[in-house]
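Enquirer: sharing a model that was predicted from the sequence below.
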Amino acid sequence: MSHSFADDTQLYRHTKVRDVQLAKKDMLATIVDINNWSQSRGLKLNTEKSEIIWLGTCLQLTKLSQADKTLQLPDAKSTVRNLGIQLDSELSFDDQARICVKTCYYQLRRIKQIRCYVDQDCLRSLVHAFITSRLDYCNSLYAHCNVSTRQRLHHLCLCYSNYIGCRLKQEYTINYVPSCTELLIDLHRHT
């Protein structure tokens, strides 16, 4: 199967571990077809930007040898970026949450630098534009993140809610880590 976007084509194939070689053969044939089609139209399949990831449970992934995971493109990666989301091979989304938190703290520090030059409404707009929107984007992916990742998201939400003068529910303490969705609903309600 494949999905195509403006200049991006995604190939995916479901397979059982015992059928990996057949799946690799099908994928390679499809890649050759895409490359031929691209060349016939004066385009180039850029193998340096091509990424491969094998998705599955820990048990399934351990059954694959390194040779099984290798195609004629770069070796399989542990995470790839797709539509702005970091996908890891086990679909835990911990890397996505980590990158999101890191980026939000960076934006919060940048906003803090201009805080004295803008009014409260402008400050709230900036926080929502650069932080809340980033947290809102695909926030349901964070539902099954590990506890430490949810704690980082929780701490970020508490930091920026205090920063813009928003009071969250009292029960959001260090002992209780709400889901990201709970926090975002509460933040939207108060801002």
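Expert: Noted; the coordinates are in hand. Residues are numbered from 1 along each chain as shown.

Enquirer: only C-alpha atoms for contact and neighbour calcs from this point on.
Expert: OK.

Enquirer: give me the mean pLDDT for stretch 82-101.
Expert: Mean pLDDT, stretch 82-101: 82.

Enquirer: so what touches that stretch?
Expert: With contact meaning C-alpha atoms under 8 Å, 6 or more residues apart in numbering, stretch 82-101 is reached by 53-58, 78-81, 134-135, 141-142, 144-146, 149, 152-153, 156.

Enquirer: buried stuff in it?
Expert: Under the neighbour-count criterion of 16 or more other C-alpha atoms under 10 Å, stretch 82-101 has 85-98, 100-101 buried.

Enquirer: circling back: now list the buried members of the contacts of stretch 82-101.
Expert: 53-55, 79-80, 135, 141-142, 145, 149, 152-153, 156.

Enquirer: among these, which one sits closest to residue 119?
Expert: Here the nearest of the buried ones among the contacts of stretch 82-101 to residue 119, counting by C-alpha to C-alpha, is residue 156; it sits at 22.1 Å.

Enquirer: rewinding a little: let's see which of the buried ones among the contacts of stretch 82-101 end up in helices.
Expert: Using DSSP state H, 135, 149, 152-153, 156 are the members of the buried ones among the contacts of stretch 82-101 that sit in helices.

Enquirer: which two of the buried ones among the contacts of stretch 82-101 have the greatest separation?
Expert: Spatial extent of the buried ones among the contacts of stretch 82-101 (C-alpha to C-alpha) is set by the pair 54 and 156 at 31.1 Å.

Enquirer: no more questions from me, cheers.
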